[in-house]
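Enquirer: need coordinates for the following:
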Amino acid sequence: QVRLGEFGGGSVQSEGSLRLSCIASGRTFSVDVMAWFRQAPGQEREFVAAISRNGGNTFYADSVKGRFTVSRDNSKSMVYLQMNMLKVEDTAVYYCAAGVGPIAHAKYDNWGQGTQVTVSS
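Expert: Okay, the predicted model is just below:
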């Protein structure tokens with residue numbers, strides 16, 4: 001079992017920036033990929049970004065490419081999501097997830113509780 005906790009959400013105006021953080025504990029050695037997902041009201045949860053175990057591979061949803069950057073610090077068991085040029089449509093609850101398998105097809109079994117990001121115009 002991997003336990004995940006997100007923080008850093010909040011409210012920001014359009015074109016602003018936020019950095020989300022996720023701390024992992026437990027059986028982190030079993031994790032291949034760390035990822036961020038988001039869920040807006042009335043919508044399904046969607047993939048945002050993922051990063052491989054050593055940080056050498058990253059993968060992004062088209063909607064956030066060029067604006068969001070995922071990174072990790074394994075010495076601190078932390079994963080980050082730097083979000084720049086935020087848009088109103090980025091408003092959602094953001095979840096950290098731990099998965100196994102290849103980065104583009106990982107299976108995610110461990111989830112954080114989520115952190116709210118609200119972008120206003």
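Enquirer: could you say which helix or strand holds the residue positioned nearest the centre of the chain?
Expert: Among the residues of the chain, the smallest C-alpha distance to the mean C-alpha position (CA atoms, centre = their mean) belongs to residue 36, namely 2.2 Å. Counting by DSSP states H and E, the element that carries residue 36 is strand 33-39.
Enquirer: repeat that for residue 21.
Expert: For residue 21, the host element (DSSP H and E) is strand 18-26.
Enquirer: next, the angle strand 33-39 makes with that strand.
Expert: Angle between the axes of strand 18-26 and strand 33-39 is 130 degrees (criterion: axes from the mean of the first three to the mean of the last three CA atoms, to 10 degrees).
Enquirer: elements contacting strand 18-26?
Expert: Contact partners of strand 18-26 among helices and strands, from 3 or more CB pairs under 8 Å, 6 or more residues apart in numbering; DSSP states H and E: strand 2-7, strand 33-39, strand 78-83, strand 92-100, strand 115-120. C-beta coordinates here come from the backbone N, C-alpha and C atoms, glycine included.
Enquirer: which stretch among the ones you listed comes nearest residue 16?
Expert: Closest approach to residue 16 among the helices and strands packed on strand 18-26 is made by strand 115-120 (7.3 Å; CB to CB).
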